[in-house]
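A.B. asks: The sequence and its predicted three-dimensional model are supplied below.
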Amino acid sequence: MKDDNIKRFFDDHKQSITDEGFSQRLFATLDCLPEPKQERDKSKIVTLLFALSGVILFILLGGYSELIKGLASFGHIFTDISKFTPEIAITLLFTACSIFAAGKFAVESK
């Protein structure tokens, strides 16, 4: 009901403004203006910065040795579920995140 009232109101009070060549003058002016500069894509720089800082932190905090330990103990999960340690969970999480990040990067870089 309200939509019909609003539509009827605007139809009844419709106004028109004479153009008097304004559109042509405007487009003639716009054609002479220089094109705006394209901004650099900062997301690639930020992604590279965070990836580099992640690799540096991984190396400095000894993540490689923990990753190897977690992957080595991963094979024993299925034989004895009680050996599922937090290191294994973290290793699985980081592995899944890195696979996801590599896939996302591959899709975005096309």
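C.D. replies: Looks like it arrived, so ask away.
A.B. asks: Helices of this protein, start to end?
C.D. replies: Under the criterion DSSP state H, the chain contains helices at 2-12, 22-32, 42-60, 63-74, 86-108.
A.B. asks: can I get those in a markdown table with mean neighbour count and mean pLDDT?
C.D. replies: Every C-beta, even on glycine, is put in place using the N, C-alpha and C of the backbone. A markdown table is the format used below for the helices of the chain (neighbours: other CB atoms under 10 Å; pLDDT from 0 to 100):
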| stretch | mean neighbour count | mean pLDDT |
| --- | --- | --- |
| helix 2-12 | 9 | 85 |
| helix 22-32 | 9 | 75 |
| helix 42-60 | 11 | 83 |
| helix 63-74 | 14 | 74 |
| helix 86-108 | 12 | 83 |
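A.B. asks: Against residue 29, how distant is the residue sitting nearest the centre point of the chain?
C.D. replies: Residue closest to the average C-alpha location in the chain (CA atoms, centre = their mean): residue 43, at 8.4 Å. To residue 29, residue 43 is 34 Å away according to CB to CB, to the nearest Å.
A.B. asks: What of residue 14?
C.D. replies: Separation of residue 14 from residue 29 (CB to CB): 29 Å.
A.B. asks: Likewise for residue 47?
C.D. replies: From residue 47 over to residue 29 the distance is 40 Å, taken as CB to CB.
A.B. asks: Residue 58 now?
C.D. replies: Counting by CB to CB, the gap from residue 58 to residue 29 is 56 Å.
A.B. asks: same question, residue 97
C.D. replies: Residue 97 is 52 Å from residue 29, by CB to CB.
A.B. asks: State the pLDDT value of residue 33.
C.D. replies: On the pLDDT scale, residue 33 is placed at 62.
A.B. asks: again with the one 5 residues further on
C.D. replies: We have a pLDDT of 72 for residue 38.
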